[in-house]
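1. Everything below, folded, please.
(2 chains)
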Number of protein chains: 2
Amino acid sequence: MAEQPLFNRVAFIGIGLIGSSMARVMRRDKLAGSIVACARRQETLDACLKLGIADEVTSDYALAVKNADLVVIASPISTNKAIAKAIAPHLKAGAIITDVGSVKQAVIAAIAPHLPANVHFVPAHPLAGTEYSGPEAGFAELFEGRWCILTPVPGGDAAAVAKVTEFWRKAGSKIETMQADHHDKVLAITSHLPHLIAFTIVGTADDLAEDLKQEVIQYSATGFRDFTRIAASDPVMWRDIFMNNRDATLEVLQRFTEDLTALQRAIRRGDGESLEKLFARTRAIRRSVIDAKQA
Amino acid sequence: MAEQPLFNRVAFIGIGLIGSSMARVMRRDKLAGSIVACARRQETLDACLKLGIADEVTSDYALAVKNADLVVIASPISTNKAIAKAIAPHLKAGAIITDVGSVKQAVIAAIAPHLPANVHFVPAHPLAGTEYSGPEAGFAELFEGRWCILTPVPGGDAAAVAKVTEFWRKAGSKIETMQADHHDKVLAITSHLPHLIAFTIVGTADDLAEDLKQEVIQYSATGFRDFTRIAASDPVMWRDIFMNNRDATLEVLQRFTEDLTALQRAIRRGDGESLEKLFARTRAIRRSVIDAKQA
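-> Here you go, the predicted model:
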């Protein structure tokens, strides 16, 4: 007798890089009896069928979530509130709702209040991605060895958390649990600020006169190139992250700006000693990252 | 009869990542009759002998450059003036002096005035490196497919430029020639500003409370990690770069700061449209970098 899949029916609301990678894991490990993909754009739905990562596709939220025992909201954060409202009346009793948003407080505020009492919401954030977007960009190995942070809601269902955890384990992720506000603070430093800075510096270069810009591109391997990769991430997804983790981002940005101003002053004054001291400290941090096997 | 090597005797004044990689190229392609390495620290000299990248080692400048027909100054920029003064009286007539400094105007000002009239100075900057330092970190393939920018001095010797060019071609580099001041401006954008920002953000993280810092390291794969690699570059080398390309660095830093302030305001005001527009532009720049085969 075949083993029972982890979920009988899984619905993806939004299916880009992350959602399609999750669907591929489910296919590979036979974790879903059937997969339905829901998206607004017909080309996304067509791609899902062509890629074989969904059994059914629809642009109708009600149809998508009907009888689903797992609903994955994998759509830009700004859409989450409307999605929650639209799917709420059609959810099966006992269904698990999860998401993949890069910000947790705002996502919980957008989704949780609209869900009926007889379903279970398990907010999650897989710390994985590439600079590519769309269902074609996904791959089953995306989450291997990467962290997935769960930020369970107060009074949440332990069995539902266990099932979502089991999925991420199958995907190869390391699982961590933390409070939503703490998640947002940590990610503001590790992810949101670095992206904001990369977007800025690449934008600064884009504003240069055309001939100088061509040279910057030609000689980008000297440092600039690494920023362009980060700054190539999905524009809508990142707009939503900054709009929805505003306070934490602005706070770390403030610290960064102060530190940058101090460095600027050191350069202007010819204070090489301060520079060298800082650069020796930052080199040590790299060793910590390597020791933590994150490099 | 064996082919004549490109240089009979080559002296390296300073031999870290770059110098030792050049020596390895010379060994591999038999470009030097003999190689002498000159450094202040005995452990560096011992390493050169152990690695087999030098035939002789010495801490004496006069001995090092005696009879050398190529002298490579591959030492932090702040040492270049003293080196030029020390080697000048001992240089062979017709010797070629080259360097590998990341800043060209300041290096030319530090070296050129002290050299005798009967030698040829060919300033060069190989756009290559890793976050590691020292002679052990070098490898012959470091320069393959990378740019080497020559910034010949007015009235420089064409034959000397041709010989230095020939070396870099053998190393696998693509060669470009430009004015020293233009070089410094382009590199301020492509390399010096990105490094300054990476040093800053990693320093900002280092100032966090210890437990939060540990989490930043743990979750660094979400963007921060890329900055730590850049910010692990050699502290003394980078101190000297900022001290010696001050005006160009401060100018691009000013533009960057203005752009960052504008983004900060957009986030504070909830102006998602401006953010999305910028992020779409920066994504396009990434495509240009890929098209230029720099990614």
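
2. use CA for all of it now, contacts and neighbours both
-> OK.

3. Residue A:118: neighbouring residues, count only.
-> 12 (other CA atoms under 10 Å in any protein chain shown).

4. wait, isn't it in contact with residue A:90?
-> No - using CA atoms under 8 Å, residue A:118 is not in contact with residue A:90, being 11.8 Å away.

5. Check what pLDDT residue A:2 gets.
-> The model reports residue A:2 with a pLDDT of 60.

6. Same check on residue A:290?
-> Confidence at residue A:290, expressed as pLDDT, is 86.

7. That one: helix or strand, and which one exactly?
-> helix A:272-291 (DSSP states H and E).

8. Repeat that for residue A:184.
-> Residue A:184 is part of helix A:180-187, with elements assigned from DSSP H and E.

9. Buried residues, that helix. List them.
-> Judged by neighbour count using 16 or more other CA atoms under 10 Å in any protein chain shown, the buried positions of helix A:180-187 are A:180, A:183-187.

10. would JSON lines of those residues with pLDDT be doable?
-> As requested, the buried residues of helix A:180-187 are arranged in JSON lines below (pLDDT from 0 to 100):
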{"residue": "A:180", "pLDDT": "97"}
{"residue": "A:183", "pLDDT": "97"}
{"residue": "A:184", "pLDDT": "97"}
{"residue": "A:185", "pLDDT": "95"}
{"residue": "A:186", "pLDDT": "96"}
{"residue": "A:187", "pLDDT": "96"}
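
11. and which of those is nearest residue A:159?
-> Using CA to CA, residue A:180 comes nearest to residue A:159 of the buried residues of helix A:180-187, at 19.6 Å.

12. The closest one touches residue A:105, doesn't it?
-> Yes - contact criterion CA under 8 Å: residue A:180 and residue A:105 qualify, at 5.4 Å.

13. What residues does the residue in the stretch 1-150 of chain A that chain B sits nearest to make contact with?
-> Residue nearest to chain B within the stretch 1-150 of chain A (CA to the nearest CA): residue A:127, separated by 6.2 Å. By CA atoms under 8 Å, 6 or more residues apart in numbering or on different chains, the contact set of residue A:127 is A:143, A:146-149, B:219, B:221-222.

14. same thing but 7 Å
-> Shown in contact with residue A:127 (CA atoms under 7 Å, 6 or more residues apart in numbering or on different chains): A:146-148, B:222.

15. right, and the helix or strand after whichever strand or helix holds residue A:11?
-> Element membership of residue A:11, judged by DSSP H and E, is strand A:7-13. Beyond strand A:7-13 on the C-terminal side, the first helix or strand identified by DSSP H and E is helix A:17-28.

16. which other residues reach whatever helix or strand comes next after that following helix?
-> Moving toward the C-terminus from helix A:17-28, the next helix or strand (DSSP H and E) is strand A:32-38. By CA under 7 Å, 6+ apart, the surrounding residues in contact with strand A:32-38 are A:5-15, A:26, A:45, A:54-61, A:64.

17. With stretch A:92-102 instead?
-> Stretch A:92-102 has contacts (CA under 7 Å, 6+ apart) with A:66-74, A:77, A:107, A:118-126, A:160, A:241.

18. Can you turn the buried part of those residues into a ChimeraX selection?
-> In ChimeraX, this line selects whichever of those come out buried by 16+ other CA under 10 Å:
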select /A:66,67,68,69,70,71,72,73,74,77,107,119,120,121,122,123,124,125,126,160,241
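
19. Which of the contacts of stretch A:92-102 fall in strands?
-> Judged by DSSP state E, the subset of the contacts of stretch A:92-102 located in strands is A:70-73, A:120-122, A:124-126.

20. For chain B, see how far away residue A:283 is.
-> Separation of residue A:283 from chain B (CA to the nearest CA, to the nearest Å) stands at 4 Å.

21. Contacts only, for that residue.
-> By CA under 7 Å, 6+ apart, the contact set of residue A:283 is B:231-233.

22. can these go into JSON lines with extra columns for pLDDT?
-> Listed next are the contacts of residue A:283 as JSON lines, based on pLDDT from 0 to 100:
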{"residue": "B:231", "pLDDT": "92"}
{"residue": "B:232", "pLDDT": "92"}
{"residue": "B:233", "pLDDT": "90"}
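
23. So which of these wins on neighbours?
-> Among the contacts of residue A:283, residue B:231 has the most neighbours (other CA under 10 Å), with 31 neighbours.

24. Is it in contact with residue B:198, as I believe?
-> Yes - if you go by CA atoms under 7 Å, residue B:231 and residue B:198 touch, sitting 5.4 Å apart.

25. which ones are touching the closest residue to residue A:157 other than its chain neighbours?
-> The spatially closest residue to residue A:157, leaving aside those adjacent along the chain, is residue A:120, at 6.2 Å (CA to CA, 6 or more residues apart in numbering or on different chains). Residue A:120 is in contact with A:94-97, A:156-157, A:160, counting by CA under 7 Å, 6+ apart.

26. Can you turn the buried part of those residues into a PyMOL selection?
-> Buried residues among the contacts of residue A:120 (16+ other CA under 10 Å), as a PyMOL selection:
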select buried, chain A and resi 94+95+96+97+157+160
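
27. mind pulling up the phi and psi values for the residue nearest the centre of chain A?
-> Nearest to the centroid of the C-alpha atoms of chain A, with distances taken as CA atoms, centre = their mean, sits residue A:102, at 4.2 Å. Here is the backbone geometry of residue A:102 (degrees, to the nearest 10): phi -80, psi -10.

28. circling back: among the buried residues of helix A:180-187, which are within reach of chain B?
-> Restricting these to those near chain B by CA under 7 Å from any CA of the partner chain leaves residue A:186.

29. which among the buried residues of helix A:180-187 gets closest to residue A:204?
-> Comparing the buried residues of helix A:180-187 against residue A:204 with CA to CA places residue A:187 closest, at 24.3 Å.

30. check contacts around the closest one.
-> By CA under 7 Å, 6+ apart, the contact set of residue A:187 is empty.

31. The same query, at a cut-off of 8 Å, please.
-> Applying CA under 8 Å, 6+ apart, the residues near residue A:187 are A:102-103, B:216, B:219.

32. what stretches of the stretch 51-200 of chain A score poorly on pLDDT?
-> For the stretch 51-200 of chain A, not a single residue meets the criterion pLDDT under 70.

33. centre of the chain versus stretch A:277-286, how much separation?
-> Put simply, stretch A:277-286 sits 29 Å off its chain's centre (CA atoms, centre = their mean, to the nearest Å).

34. go on, stretch A:209-216?
-> The answer for stretch A:209-216 is 33 Å, by CA atoms, centre = their mean.

35. Flag every residue of the stretch 1-150 of chain A that's near chain B.
-> Residues of the stretch 1-150 of chain A lying close to chain B by CA under 8 Å from any CA of the partner chain are A:127-128, A:147.

36. Show me chain A divided up by domain.
-> A:7-178, A:182-291 (automatic domain parsing).

37. Let's verify residue A:175: helix, strand, or coil?
-> Secondary structure for residue A:175, judged by DSSP: H, G, I helix; E, B strand; the rest coil, is strand.

38. Could you list everything it pairs with in the sheet?
-> Note on residue A:175: beta-bridge partners residue A:148, judged by DSSP bridges.
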